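Have a look; sequence and predicted model below, questions after that.
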Protein chains: 4
Amino acid sequence: MNQPVHSSDPLLSPSSGASVSSRTNDPVRTMAEILTVATHEFADKGLTGARIDAIAAATRTSKRMIYYYFGSKEGLFIEVLETIYRRMNDAEAQLVIDVSTPLLALEQVVHFVLDYYRHHPEFVTLLNTENLHKGKHIVKSLRAREFSSPAIAVIHDILRAGVSQGLFRADISARDVYLLIAATGYFYMSNRYTLSAFLGENIDAPQAVAQWKSFVIDTVFRVVNVPPPSHP
Amino acid sequence: MNQPVHSSDPLLSPSSGASVSSRTNDPVRTMAEILTVATHEFADKGLTGARIDAIAAATRTSKRMIYYYFGSKEGLFIEVLETIYRRMNDAEAQLVIDVSTPLLALEQVVHFVLDYYRHHPEFVTLLNTENLHKGKHIVKSLRAREFSSPAIAVIHDILRAGVSQGLFRADISARDVYLLIAATGYFYMSNRYTLSAFLGENIDAPQAVAQWKSFVIDTVFRVVNVPPPSHP
Amino acid sequence: MNQPVHSSDPLLSPSSGASVSSRTNDPVRTMAEILTVATHEFADKGLTGARIDAIAAATRTSKRMIYYYFGSKEGLFIEVLETIYRRMNDAEAQLVIDVSTPLLALEQVVHFVLDYYRHHPEFVTLLNTENLHKGKHIVKSLRAREFSSPAIAVIHDILRAGVSQGLFRADISARDVYLLIAATGYFYMSNRYTLSAFLGENIDAPQAVAQWKSFVIDTVFRVVNVPPPSHP
Amino acid sequence: MNQPVHSSDPLLSPSSGASVSSRTNDPVRTMAEILTVATHEFADKGLTGARIDAIAAATRTSKRMIYYYFGSKEGLFIEVLETIYRRMNDAEAQLVIDVSTPLLALEQVVHFVLDYYRHHPEFVTLLNTENLHKGKHIVKSLRAREFSSPAIAVIHDILRAGVSQGLFRADISARDVYLLIAATGYFYMSNRYTLSAFLGENIDAPQAVAQWKSFVIDTVFRVVNVPPPSHP
DNA sequence: CATGAATGAGCTTTCATTCAT
DNA sequence: CATGAATGAAAGCTCATTCAT
């Protein structure tokens, strides 16, 4: 209902590349530009705080085109969500990890996840925004269902390798380990402003970030290791 | 001064204090009512999404009174933030914990924190909203600086007791343990909608919640226990 | 660009330009209409007393368009100021005066200035309003700097001619003569209500106006002349 | 309808001086304070721009008292007008001038009037405000009718003395001379901001003011004299 | 494909004024 | 005399969206 003419239409609109007569008609580029700008605006201001005017102004196109391509503010937001999800999925999919050294592999995963949040603050705020709206947009997205969470699969492989090497305990799920890593990384990033005020320290300082990361790694190691601590 | 007498009054409506018949002039009640309603609205819609009209409509007062008492939408939001922070602080301060059994005590803290987030979803969304705005309101609040995070102090005492009983390792800070607990509880609650969509399961189901809680408890135990797992 | 076609149109309403049937999209006309109405409202009520609602209501457009074109109430006021300044400038520029008869020419200038204030009461109140605000809007206007006060130039030429004919004294500036004429005309018009109350007479009566005008002409003659003409 | 209890009420409210039991009850002082503050506010912002809240805040009393004493915003404005008129009248009445030297006396009057406007900018803006409202408040004032414009009387005496000394021509009215002086002084002061912008010079500079004043004196001399003084 | 003009509904905020005590 | 609480009406301004070309 919202994307009329895409690249999936070989006839009818020789867009994209070097078209024939029209001047700036490059729908693919236009849509991409809108999406980029919208991602920043939504991440910066939230869904209700974002302004269609502001997005249009930061673009080489006009407000009208946003409606032409995305139908509505919500339609645009949905595509923004899809985009950032896909990007994270793609990044996870490129995680190349040597499961023959499970502990090292786990450490790499922690690094990846925590760094990803840190380097993509818009991912964090956009997810928060979507959760504020009780996930109503992501469930409307068909494409969102395609994402396979490669990171969980990776962790799964690592855990299996660790178990078979006698390093890890067996009764633990990749899902839980993933959630643990995600939680520690996400929370630290998402709540950095209120945490800094609350704790009276600058949570964002490189030293603090590094210390937290090593604490998380240590925690994850303790979670997967066998023998388990002898707590009664 | 902020959560006075609501509908929870023993009798019907001879509002607060010793007045008998007056219908209006009860500033304490008026302010409290505004704050209560505003907390819900801001938690539900965010700062920009919240509507002063909606808040006023859900109140026995008028829009005008909101500005009389709170000056602006932002002023109201700041007081809402202060209120929820104070409430959490008060709740933490009432944590009565027997440090003579450190593991049990830790478990109780985890229960408390995770339950608190679960039972106060508005706390979670309001903090997210404040972080979306980069913490600009909480730093304006003078009162916010008075909060002492009793939970961290409690954890501190527990850790010390555990160490002196030879149960816990010594090189761990109460701050990190607190953040670990908070992160796992907060993230699970805050992101429950996107997580449910992403994982393809209902994260909110009582069983899932219980399983996560026990995973967190297990994780915390492993973090504090000595001897540490023998990872090289 | 600012006073286009109004009700003074020869035919009925095929508004401006070459359009035939369109009812709305005529920005030039829309802006001009807003400016005309706003000039009256600001002149009548002052800057703070003027109501955007009232301006919009007296227009075929909506309040929204005022903000679309002028950005804010102050922005609109600035353009109103520019407009009335330009109009006076244009009027002065069309003063065709024969300097070969300097006394007659001076008299014509006095007539022009005093008549201009009298026939443009909005010019007087708008300038008063701007001065109440300490000239903060006119300094923001770039266009206002282009106005060249043709009247002073005209007086300058008259004075030079008068001197070379041996009629006028030489040590007098066009600026001072202009200010003298402006002061007498402006004050009489601007303060007509309080003056009438204060003097107990109707300053506005045609006879009073005529008498004042001849007094001013006499005064100006005396100021420039050496020796003064022995007119009884 | 607007001043309930004044000093004209010997019984009923032993206010003013050192009262018996009540604390700050000094209606005379309170009213005077309100009037002073209101004069500044109205002069600074105009009638519609002035804020009752602002006036009350700058006072030791409350908003309620303004209504108690003056009835309404307009009632307060009327009394402010009366006050400044009375003050000018009083100042004029104290003009002591030696009519035996008519030219010197005239010069003193010019100095007085121009200096009065210069030192009482609020007088100028308040009159402008009243004229914006077409003098509707001053006509409501009974007291305003008592003012006798002593300055005109003074000029009248000077002119008569000058005529009898053979210095001045006889066919000139004190009213016109007064208006001429007032116009030049008032206009220069009232329009100083727009004039400065329009002329591209700082009309307010002491040198410019002095030059204008001597031009006005010269003009007045020329107006009254017959034969004109042969000042080169 | 693209654009500038237009819009109705609703937003936050302000104001002079009055009520209850 | 005095005060803090309360208020209805309306102010200036903004928003997502659509129309005409």
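Thanks, I have it.

give me the residue from chain A nearest chain C.
Distances between chain A and chain C by C-beta to the nearest C-beta are smallest at A:D53, namely 11.4 Å. To be clear about C-beta, it is placed using only N, CA and C from the backbone, and glycine gets the same treatment.

How many residues are close by the closest residue in space to that residue that isn't next to it in sequence?
Spatial nearest neighbour of A:D53, chain neighbours left out: A:K63 (6.6 Å); criterion: C-beta to C-beta, 6 or more residues apart in numbering or on different chains. Counted with other C-beta atoms under 10 Å in any protein chain shown, residues neighbouring A:K63 total 13.

again, but for A:K136
11.

For chain A, which segments are assigned as helices?
A:27-49, A:52-57, A:63-70, A:73-93, A:102-119, A:121-132, A:150-164, A:174-190, A:192-199, A:206-224 (DSSP state H).

Surely the residue nearest to A:D53 and A:A56 touch.
Yes. A:K63 is in contact with A:A56 according to C-beta atoms under 8 Å; the separation is 3.9 Å.

give me every residue that touches A:D90.
The contact partners of A:D90, taken as C-beta atoms under 8 Å, 6 or more residues apart in numbering or on different chains, number zero.

again, 10 Å this time
A:F147, A:P150 (C-beta atoms under 10 Å, 6 or more residues apart in numbering or on different chains).

Now do the same for it: its pLDDT.
Here the pLDDT value assigned to A:D90 is 94.

how near is it to A:F147?
Distance from A:D90 to A:F147, counting by C-beta to C-beta, to the nearest Å: 10 Å.

Check A:T194 too.
Here A:T194 is placed at a distance of 29 Å from A:F147 (C-beta to C-beta).

what about the two, which has more around it?
Set A:T194 next to A:F147 and count neighbours by other C-beta under 10 Å: A:T194 wins out with 23 against 18.

how's chain A carved up into domains?
Following automatic domain parsing, one gets these domains for chain A: A:24-71, A:82-224.

Out of those domains, the one nearest D:G75 is which?
Smallest distance to D:G75 across the domains of chain A (C-beta to C-beta): 45.5 Å, for domain A:24-71.

What mean pLDDT does the closest one get?
Rounded mean pLDDT across domain A:24-71 is 92.

For the spatially most central residue of chain A, which residues are in contact?
Among the residues of chain A, the one closest to the centroid is A:M88, at 4.2 Å (C-alpha atoms, centre = their mean). Residues near A:M88 by C-beta under 10 Å, 6+ apart: A:V113, A:Y116, A:Y117, A:H120, A:F123, A:L127, A:F147, A:S149, A:P150, A:A151, B:F198.

For chain A, which residues score under the pLDDT cut-off?
By pLDDT under 70, the weakly predicted segments of chain A are A:1-25, A:226-232.

Looking at it, what residue ends up closest to DNA strand F?
A:K73 (3.6 Å; C-beta to the nearest atom of the strand).

first vs last residue of stretch A:156-175, how far apart are they?
Length of stretch A:156-175, first residue to last, C-alpha to C-alpha, to the nearest Å: 8 Å.

That stretch near chain B anywhere?
Yes. Stretch A:156-175 lies within reach of chain B by C-beta under 10 Å from any C-beta of the partner chain, at A:L167, A:F168, A:R169, A:I172, A:S173, A:R175.

Please identify which of the residues you listed is nearest to chain B.
Once C-beta to the nearest C-beta is applied, the member of those that ends up nearest chain B is A:R175, at 6.9 Å.

If you tally nearby residues, what's the number for that closest one?
16.

surely it meets A:I181?
No. At 11.0 Å, A:R175 does not count as touching A:I181 under the criterion of C-beta atoms under 10 Å.

what residues are shared contacts of those two?
Both A:R175 and A:I181 are contacted by A:I155, under the criterion C-beta under 10 Å, 6+ apart.

From DNA strand E, how far off is A:H133?
Per C-beta to the nearest atom of the strand, to the nearest Å, A:H133 is found 17 Å from DNA strand E.

Then A:T194?
22 Å.

which residues touch that residue?
A:203, B:81, B:85, B:126-128, B:130-131, B:134-135, B:137-139, B:144.

again, 7 Å this time
Contacts for A:T194 (C-beta atoms under 7 Å, 6 or more residues apart in numbering or on different chains) come out as B:L127, B:E130, B:N131, B:G135, B:I138.
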